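In: Requesting a structural model of the entry that follows:
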Amino acid sequence: MVRLDGPTRSAAPDLAALEPMRLPVDEPTVPVGAAAYLSPGDVVTWRYGLFVQLLRVVSDDERGLVAWLPAGSETEVATPRDGLGLRDRPLADRVRLSIQRDYDMVVKPWQGPGILRVAPAGKPWSIWYFYDEGGTFEGHYVNLELPHLRAADGGPRTFTRDLTLDIWVDADGDVWLKDEDELDAAVTGGAKTREQAGIIREVAEQARHELIAPRAWPLDQGWETWRPPPGWDDPLTFPRGTMEM
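Out: Okay, here's the model as predicted:
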């Protein structure tokens, strides 16, 4: 990780060149933040493209979607067919697998403590609130991703695509950029263009300027101390025979 401690600058990149990265969605969609809204307690399918997760809705309105991922919940994840995990491979091999789609979608439990997530309307990121096993807040993880879309029929489905780079803001407020090596490898391996990589770096700067530095929504709402109501920590599971693909 690289610490980001210089001044921020205004950045609002044109995301059009990143949209081809979004996997096709076979139903009409509207942006997150548009009605009709989901109700607290609803289970929403949060799809990154190569990951599909189940979260419980905390709130949903014109500002965006707030949802809780309980520990142990089922996650559908792209898994290499040879059984060797992505994190156990050189970066170049991870890129090759993503291009050749040499994987199967496999259901596995989410590891680690539960996470609160927020997808702000129209923004190319989501904010993840990390806690330790005892529920103490550890920091904000700003996951750079395409702006969320949702099912136009009001169904509990949201769609995005990860943009590789991420920002970690620790509990002391220090800001760190992570996974630059993965972005460089994606360019070298042909999974992303240099133009796309440049735009993604601009998205990171946009997040620093618009979200982190001014403590904009949702960072100004005190979600760091939120804890799930009774029963909301029960792991969520896909209905048998209806898992997302």
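In: For residue 144, see how far away the residue nearest to residue 140 when sequence neighbours are not counted is.
Out: Excluding the flanking residues, the one nearest residue 140 by C-beta to C-beta, 6 or more residues apart in numbering is residue 169, at 4.2 Å. In short, each C-beta sits where N, CA and C put it, glycine included. Separation of residue 169 from residue 144 (C-beta to C-beta, to the nearest Å): 13 Å.
In: between these two, which one's more packed in?
Out: The neighbour count for residue 169 versus residue 144, taken as other C-beta atoms under 10 Å, is higher for residue 144 (23 against 20).
In: Show me what that one is bridged to.
Out: Counting by DSSP bridges, residue 144 forms beta bridges with residue 125.
In: wait, isn't it in contact with residue 168?
Out: No - contact between residue 144 and residue 168 fails when scored by C-beta atoms under 8 Å: they sit 11.7 Å apart.
In: So for the two, which residues contact both of them?
Out: Counting by C-beta atoms under 8 Å, 6 or more residues apart in numbering, residue 144 and residue 168 have no contacts in common.
In: And for residue 148, the neighbour number?
Out: Residues contacting residue 148 under the criterion other C-beta under 10 Å number 25.
In: Excluding chain neighbours, give the residue nearest to residue 235 in space.
Out: In space, and not counting its chain neighbours, residue 235 is closest to residue 72: 3.7 Å by C-beta to C-beta, 6+ apart.
In: who's in contact with that neighbour?
Out: Each residue near residue 72 by C-beta under 8 Å, 6+ apart is listed here: 109-110, 235.
In: I'd like these written out as a markdown table, with pLDDT added.
Out: What follows is the contacts of residue 72, written out as a markdown table (pLDDT from 0 to 100):
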| residue | pLDDT |
| --- | --- |
| 109 | 95 |
| 110 | 92 |
| 235 | 97 |
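In: In PyMOL, how would I pick out whichever of those residues are buried, leaving the exposed ones unselected?
Out: Here is the PyMOL command that selects only those of the contacts of residue 72 that count as buried (16 or more other C-beta atoms under 10 Å):
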select buried, resi 110
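In: Closest one of the contacts of residue 72 to residue 31?
Out: Proximity of the contacts of residue 72 to residue 31 (C-beta to C-beta) peaks at residue 110, which lies at 26.1 Å.
In: how about the closest one, phi and psi?
Out: phi -70, psi 130 (degrees, to the nearest 10).
In: can you check the one 4 residues further on too?
Out: Phi and psi for residue 114, reported as degrees, to the nearest 10, are phi -60, psi 160.
In: I figured it hits residue 69, correct?
Out: Yes - between residue 114 and residue 69 there is a contact at 5.8 Å, judged by C-beta under 8 Å.
In: what's the helix or strand for residue 107?
Out: Using DSSP states H and E, the element containing residue 107 is strand 103-109.
In: For that strand, buried residues please.
Out: residue 103.
In: report the longest helix in the protein, please.
Out: In the chain, assigned by DSSP state H, the helix with the most residues is helix 194-207.
In: Run through the neighbouring helices and strands of it.
Out: Contacts defined by 3 or more C-beta pairs under 8 Å, 6 or more residues apart in numbering; DSSP states H and E place helix 194-207 against strand 137-145, strand 162-170, helix 180-188.
In: can you rerun that using 6 Å?
Out: Contacting helix 194-207 under the criterion 3 or more C-beta pairs under 6 Å, 6 or more residues apart in numbering; DSSP states H and E are the following elements: strand 162-170, helix 180-188.
In: Relative to residue 48, which of the contacts of residue 72 is nearest.
Out: Set against residue 48, the nearest of those by C-beta to C-beta is residue 110 (13.1 Å).
In: Relative to residue 186, how far out is the residue nearest to residue 140?
Out: From residue 169 across to residue 186, the span is 24 Å (C-beta to C-beta).
In: go on, residue 128?
Out: 21 Å.
In: mind listing the strands for this structure?
Out: For the chain, the strands defined by DSSP state E occupy 2-3, 29-31, 43-47, 51-61, 64-69, 74-80, 103-109, 115-120, 125-131, 137-145, 149-151, 157-159, 162-170, 175-178.
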